[in-house]
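Participant: Provided below are the primary sequence and the corresponding predicted coordinates.
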Amino acid sequence: MYVPENVVTNNDLKNYMDTNDTWIQERTGIKERRYAKRTGETTTTMGVEAAKKAMERAGVSPADIDFIIFATLSPDYYFPGCGVLVQRALKMKEIGALDIRNQCSGFVYALSVGDQFIRSGMYKNILVIGSEKHSFGLDFSTRGRNVSVIFGDGAGAVILQPTANDNEGILSTHLHSDGESAEILAMYNPGTHANYWTDNTLADFDEAEIAEMFMSHNMIDKSQNFPYMDGPAVFKKAIVKMPEVIMEALTFNNLKPGDIDMLIPHQANLRISQFVQQQLGLRDDQVYNNIQYYGNTTAASIPIAWCEAWEKGKIKKGDLLCLVSFGSGFTWGSALLRW
Ligand SMILES: CC(C)(COP(=O)(O)OP(=O)(O)OC[C@H]1O[C@@H](n2cnc3c(N)ncnc32)[C@H](O)[C@@H]1OP(=O)(O)O)[C@@H](O)C(=O)NCCC(=O)NCCS
């Protein structure tokens, strides 16, 4: 994992918007988050730092990597994706690089795609990265406070390799989506849909508005270039779908919630994680949360939590790990692993 040095507390945010530490902690569990440097620190550079650590721990060098999968919703550029920037930064061979656009579920999706390439025998060392730089795309005025207090910057990475042991590594992954509510947690602009989203309702748009498609001064003046979230609606769906997809993974492997040694939920909101824990009847030591210190780092949250839990000695060889995510799309998924 890699997180920027700059710690931003809930009280720091009070300088920009009408909010307070009590509200943020009670509703989300977050005490502080990290924000990347203004220049020189991007989604790619943070991903590269996490990748270097992952390669060192796996005992591989950039020359050994034969595929890159990069999950993010905050890429350095609209295009090309961050995968090729990692290939360049680490001076890797001309290997394939794939970017995943599945927001909070990005890492679980990336892991699942990598798992299939390993199982098929196509690749032997896949670098999977989840990285986000949210701090430069948030509305720090009071209007955007329900979103901006939640998100933080950071990155995590893993190296996937084959194993001959059937009871080791990724046992299975389970991916889902439901696009019915795609717009309730979304960043519409810049986009190629034309700028028809005004005042949070789908409006009829005229020629003049179509002419403003993709990006315009008007959009910026109206602050339409920030993420939109209907928080309570996301919350309600997450607490149903996360336990459901965990149970799907357990049932598929003939296991029960009690068999999980460590559940690593996507760090969206501490209350969501606690609800999932309660639903599955898990003890505190069976769940790892660190949203208190990093906020929601979207595609990076699971690998950051996973790495930190391992560094703290909370994950031992042979442990059954369960990763679970839910986010914009909606997309959600789970992975069961034997460490
Ligand atoms: C966003 C979230 C923390 C909001 O908590 P909530 O209890 O649902 O709160 P509401 O949105 O109903 O807002 C309650 C009040 O707090 C206010 N509020 C919102 N953000 C605030 C902030 N940062 N500081 C202070 N007050 C705030 C609202 O304006 C509202 O005021 P009102 O009652 O006067 O209208 C919560 O809905 C959530 O975490 N949802 C899931 C989001 C998520 O996981 N997103 C990532 C996708 S994986």
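Facilitator: Perfect, I can see it now.
Participant: Return the per-residue confidence for the residue in the stretch 151-300 of the chain that the ligand sits nearest to.
Facilitator: Relative to the ligand, the nearest point of the stretch 151-300 of the chain is Gly231 (2.7 Å; C-beta to the nearest ligand atom). Every C-beta, even on glycine, is put in place using the N, C-alpha and C of the backbone. At Gly231, the pLDDT value in this model is 95.
Participant: so what's it up against?
Facilitator: By C-beta atoms under 8 Å, 6 or more residues apart in numbering, the contact set of Gly231 is 146-147.
Participant: And Gln286, by the same measure?
Facilitator: 260-263, 277.
Participant: In the residues you listed, find the pair that's most separated.
Facilitator: Greatest spacing in those, by C-beta to C-beta: Asp261 and Gln277 (13.8 Å).
Participant: Residues in contact with stretch 83-102: which ones?
Facilitator: Contacts for stretch 83-102 (C-beta under 8 Å, 6+ apart): 44-45, 47-48, 51-52, 62-63, 65-73, 75-76, 81-82, 106, 109-110, 113, 127, 129, 299, 327, 329, 331.
Participant: er, stretch 21-41 I mean
Facilitator: So stretch 21-41 is contacted by 3-11, 13-14, 42, 46, 133, 135-136, 149-154, 269-271, 273, 289, 291-296 (C-beta under 8 Å, 6+ apart).
Participant: give me the subset of the residues you listed touching the ligand.
Facilitator: Near the ligand, judged by C-beta under 6 Å from any ligand atom, the entries from the contacts of stretch 21-41 are 149, 269, 296.
Participant: my read: the last one touches Ile272, true?
Facilitator: When you say that, I think you mean Asn296. No. Counting by C-beta atoms under 8 Å, Asn296 stays clear of Ile272, with 10.0 Å between them.
Participant: about what we covered before: with neighbour numbers in mind, choose between Asp261 and Gln277.
Facilitator: Taking other C-beta atoms under 10 Å, Asp261 and Gln277 do not tie; Gln277 has more neighbours (19 against 16).
Participant: Could you find the closest non-adjacent residue to Thr42?
Facilitator: Spatially, and ignoring its direct neighbours in sequence, Thr42 is nearest to Asp76 (4.8 Å; C-beta to C-beta, 6 or more residues apart in numbering).
Participant: Could you tell me how many residues sit around the one you found?
Facilitator: 16.
Participant: contacting residues around Leu321?
Facilitator: Here Leu321 is in contact with 260-264, 306, 315, 336-339 (C-beta under 8 Å, 6+ apart).
Participant: Surely it is in a strand?
Facilitator: Yes. The assignment for Leu321, made by DSSP: H, G, I helix; E, B strand; the rest coil, places it in a strand.
Participant: Close to the ligand: what parts of the protein are there?
Facilitator: Of all the residues in the chain, those lying near the ligand are 19, 23-24, 27-28, 104, 145-146, 149, 185, 229, 231-232, 234-235, 238, 268-269, 272, 296, 326-327, going by C-beta under 6 Å from any ligand atom.
Participant: residue closest to the middle of this structure?
Facilitator: Ala299 (1.7 Å; C-alpha atoms, centre = their mean).
Participant: got the residue ranges for the strands in the stretch 51-200 of the chain?
Facilitator: 67-71, 96-100, 126-132, 154-160, 169-177, 185-186, 197-198 (DSSP state E, counting those that start in this stretch).
Participant: before we move on, back to that, pLDDT at the residue nearest to Thr42, what is it?
Facilitator: So, for Asp76, pLDDT stands at 97.
Participant: That one contacts Gly47, correct?
Facilitator: No. Using C-beta under 8 Å, Asp76 is not in contact with Gly47, being 9.7 Å away.
Participant: Any chance you could list residues touching both of the two?
Facilitator: Cys82.
Participant: related to what we said a few turns ago, could you say which of the strands of the stretch 51-200 of the chain is packed most deeply?
Facilitator: strand 126-132 (a mean of 31; mean count of other C-beta atoms under 10 Å).
Participant: which ones are touching Pro62?
Facilitator: 55, 90-92.
Participant: Mind picking the two most distant members of the residues you listed?
Facilitator: Met55 and Lys91 (12.6 Å).
Participant: Please report phi then psi for the nearest residue to Lys14 once chain neighbours are set aside.
Facilitator: Counting by C-beta to C-beta, 6+ apart, Lys14 lies nearest to Asn20, which is 6.5 Å off, once chain neighbours are set aside. Torsion angles at Asn20 (phi, psi; degrees, to the nearest 10) stand at phi -160, psi 160.
Participant: With that, I have no additional questions.
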